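# sequence? don't have it. structure:
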């Protein structure tokens, strides 16, 4: 006697995408897919979708797991989605752009946006790193004084540091038209592994600059490797 369908087993309705293999081949793949426990197939598909940042077509998923039909693949994907719903998972499986993508539920968007902003922070250019050093050692300091020290305009680098929440406005100078005075933030301390500004290297601890190394990318690497481990805040 043929095996009875297990209760709650995902059902599958063929779609135009399933065309491309004859009935015998498709039936064979369903059998082959059944030979591999559906839990194992679902786990493989979940792993593939987890590491892919774009929707993946069912047929491509089938190829990756060694099948020529999408039928067992779609059944396993349906099983995955049912599990996410039943277990209240943070993940959901969406059908997007003729493919499938593993995404997080909308209710977590605000939380995740904080981490995304943190990880998308670009590395600082040497000029911006120079400006950050000036602010760190001279704070509170105004934009005009930063420009006087650097001998160059600093609008862009100040904005870049504000966007990355490495600096903020800490005071206003009433003698200069209420000009903003900048200082470093908690994110700055976390990015550079400092407990306080007092842990910044002192002048005697700093090595003299090597002119021959001006073109090196070492300064870029320092900030590129520094991870901002806290959400960014828009400090006024």
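In hand now; what should we look at? Note that the coordinates shown come from a computational prediction; the quantities given were computed from them, not determined experimentally.

# domains of the protein?
Segmentation of the chain into domains, based on automatic domain parsing, reads 16-104, 117-225.

# got JSON lines for the ones you listed, with mean neighbour count, distance to residue 111 and mean pLDDT too?
Any C-beta I mention is one placed from the backbone N, CA and C, and that applies to glycine too. Output for the domains of the chain, formatted as JSON lines (neighbours: other C-beta atoms under 10 Å; distance: least, C-beta to C-beta, whole Å; pLDDT from 0 to 100):
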{"stretch": "domain 16-104", "mean neighbour count": "16", "distance to residue 111": "9", "mean pLDDT": "80"}
{"stretch": "domain 117-225", "mean neighbour count": "15", "distance to residue 111": "12", "mean pLDDT": "78"}
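
# got those domains as a markdown table, with distance to residue 110 columns?
Formatted as a markdown table, the entries for those read as follows, by distance: least, C-beta to C-beta, whole Å:
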| stretch | distance to residue 110 |
| --- | --- |
| domain 16-104 | 11 |
| domain 117-225 | 11 |
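
# for residue 158, phi and psi?
For residue 158, the backbone dihedrals are phi -60, psi -40 (criterion: degrees, to the nearest 10).

# any chance you could map the strands in this structure?
Secondary structure of the chain (DSSP state E): strands located at 91-96, 99-104, 141-142, 167-173, 179-184.

# tabulate those strands (CSV), appending distance to residue 157.
What follows is the strands of the chain, written out as CSV (distance: least, C-beta to C-beta, whole Å):
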stretch, distance to residue 157
strand 91-96, 39
strand 99-104, 34
strand 141-142, 13
strand 167-173, 10
strand 179-184, 11
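
# leaving out chain neighbours, which residue sits closest to residue 50?
Here the nearest residue to residue 50 in space, its sequence neighbours aside, is residue 102; by C-beta to C-beta, 6 or more residues apart in numbering that works out to 5.7 Å.

# isn't that neighbour right up against residue 46?
Yes. With contacts defined as C-beta atoms under 8 Å, residue 102 counts as touching residue 46 at a distance of 7.1 Å.

# what's the angle between the helix of greatest length in the chain and strand 91-96?
For the chain, the longest helix by residue count, based on DSSP state H, is helix 71-86. Between helix 71-86 and strand 91-96, the angle formed by their directions is 130 degrees, by axes from the mean of the first three to the mean of the last three C-alpha atoms, to 10 degrees.

# list the helices and strands helix 71-86 packs on?
Other helices and strands packing on helix 71-86, by 3 or more C-beta pairs under 8 Å, 6 or more residues apart in numbering; DSSP states H and E, are helix 23-35, helix 38-51, helix 58-64, strand 91-96.

# which elements pack onto the second one?
Helix 38-51 sits against helix 58-64, helix 71-86, strand 99-104, with contacts defined as 3+ C-beta pairs under 8 Å, 6+ apart.

# TSV please, covering those and showing distance to residue 38.
Output for the helices and strands packed on helix 38-51, formatted as TSV (distance: least, C-beta to C-beta, whole Å):
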stretch	distance to residue 38
helix 58-64	14
helix 71-86	6
strand 99-104	16
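
# quick one: which of the ones you listed is nearest residue 153?
Nearest to residue 153 among the helices and strands packed on helix 38-51 is strand 99-104 (41.2 Å), distances taken as C-beta to C-beta.

# tilt between the closest one and helix 38-51?
Using the same axes, to 10 degrees: strand 99-104 against helix 38-51 is 80 degrees.
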